[in-house]
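**Student:** Structure for this input, please:
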Amino acid sequence: MSQGAFGFEDGAPDHERLRAHDADFTPQGIVRQGLLAVEGHSPADKLFRYLDPSSGSGVFGLEARHVFGHLDLHTTGIEIRTEEGPCVSKNYDRAIVGAGFAEVAPDLEPGSFDLIGTNPPFTLFPDFLRVSIPLLSESGVLMMLGLSTWGQSAEGAELFDEYPPNYQLRVTGRIGFRGPGVNPKTKKPWGSDQRDYSWWVWQKNAPDRDEGDWISRNLPTLPTAHRTWREKPGTVDVLGPLPPPAESGTQRRAWVER
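**Tutor:** Presented below is the predicted three-dimensional model:
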């Protein structure tokens, strides 16, 4: 097959290339729902600094501009795959391409981000957590998409003992990370991931809780079209901007409830 733009082959993702970096593309609706869920923690009276340390094609940056666009927002995207450079440059104010988070983090100022939000490489979830926490501002928030079963394994339990999460926001309904194309093993179109996912959320300097006592709730189930993708996330805005914020905040959150 011919190699298309941004690592795609004949309109479908280059899954071998993605597998080499333990990467997937997150549907735009999933990203928007997650960002809306933590919107209330954003400061309205100063610069709001957002970091996506595994930006892929930039869908988190695109959605950050929608959800936090009424604020004085500055976004930074980090992506190791150089073919994503045009997307990262388009969707973030500052684009760092060709280096991974662990390589870039030592050059980032501690306490310099109010929100870090991302879907990290599957096997690097613990590393991203440990590297992200020192980068958060005084009341900064870290949110990462990961398996709902994190914390149940020995490794996960040890990690959560060290860094107890504040919230587990469960995504209801299956997520289609793979997009169009055919699974070379089954020769059938890619289906949705059959595992359960959650937004795991940490808030720096949040009130103390009993060990292991995080708040868990289910997010409303999004339409299937918002949990999957046909156009590469970040390259096409399939959802469009949010309405202007209402004073009560209910107008912006209504999208999540539909």
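
**Student:** list the contacts for the nearest residue to residue 136 once chain neighbours are set aside?
**Tutor:** Closest residue to residue 136 apart from its sequence neighbours, by C-beta to C-beta, 6 or more residues apart in numbering: residue 204 at 4.4 Å. In short, each C-beta sits where N, CA and C put it, glycine included. Applying C-beta atoms under 8 Å, 6 or more residues apart in numbering to residue 204 gives the contacts 133, 136, 137, 138, 139, 140, 141, 142.

**Student:** Tell me the most packed of the residues you listed, by neighbour count.
**Tutor:** Sorting these by how many neighbours each has (other C-beta atoms under 10 Å) puts residue 142 first, at 26 neighbours.

**Student:** measure the closest residue to residue 97 other than its chain neighbours to residue 56 for me?
**Tutor:** Closest residue to residue 97 in three dimensions, ignoring its sequence neighbours and counting by C-beta to C-beta, 6+ apart: residue 85, at 4.4 Å. For residue 85, the distance to residue 56 (C-beta to C-beta, to the nearest Å) stands at 12 Å.

**Student:** Name the residues contacting each of the two.
**Tutor:** The contact sets of residue 85 and residue 56 overlap at residue 79 (C-beta under 8 Å, 6+ apart).

**Student:** So if I had to pick from the two, which one is more boxed in?
**Tutor:** residue 56 (29 against 14).

**Student:** Surely the more buried one is in contact with residue 26?
**Tutor:** Yes: using C-beta atoms under 8 Å, residue 56 makes contact with residue 26 at a distance of 7.4 Å.

**Student:** what residues do the two have in common as contacts?
**Tutor:** Residues within reach of residue 56 and of residue 26 at once, by C-beta under 8 Å, 6+ apart, are 119, 233.

**Student:** can you give me the strands in this protein?
**Tutor:** Assigned by DSSP state E, the chain shows strands spanning 8-9, 12-13, 48-52, 73-79, 94-97, 113-118, 136-147, 167-171, 197-203, 215-218.

**Student:** need the ones you listed in TSV with mean pLDDT, can you?
**Tutor:** Putting these into TSV (pLDDT from 0 to 100) gives the following:
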stretch	mean pLDDT
strand 8-9	40
strand 12-13	48
strand 48-52	96
strand 73-79	96
strand 94-97	98
strand 113-118	96
strand 136-147	94
strand 167-171	95
strand 197-203	95
strand 215-218	93
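
**Student:** for those strands, which one sits closest to residue 105?
**Tutor:** With C-beta to C-beta, the closest approach to residue 105 among the strands of the chain belongs to strand 73-79: 8.7 Å.

**Student:** C-alpha coordinates for that closest one, PDB please?
**Tutor:** Taking Å, rounded to 0.1, in the frame of the first residue of the first chain, the C-alpha atoms of strand 73-79 are listed here in PDB:
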ATOM      1  CA  LEU A  73      -5.200  29.800  27.200                       C
ATOM      2  CA  HIS A  74      -1.700  28.600  26.200                       C
ATOM      3  CA  THR A  75      -1.300  25.000  25.000                       C
ATOM      4  CA  THR A  76       1.800  22.900  24.600                       C
ATOM      5  CA  GLY A  77       1.900  19.600  22.700                       C
ATOM      6  CA  ILE A  78       4.700  17.000  22.800                       C
ATOM      7  CA  GLU A  79       4.800  14.200  20.200                       C
END
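
**Student:** Could you check how far it is from the centre of its chain?
**Tutor:** Offset of strand 73-79 from its chain centre (C-alpha atoms, centre = their mean, to the nearest Å): 12 Å.

**Student:** That one to strand 113-118, inter-axis angle?
**Tutor:** Strand 73-79 and strand 113-118 are oriented at 40 degrees to each other (axes from the mean of the first three to the mean of the last three C-alpha atoms, to 10 degrees).

**Student:** Point out the other helices and strands that strand 73-79 packs with.
**Tutor:** Contact here means 3 or more C-beta pairs under 8 Å, 6 or more residues apart in numbering; DSSP states H and E; on that basis strand 73-79 packs against strand 48-52, helix 59-67, helix 85-91, strand 94-97.
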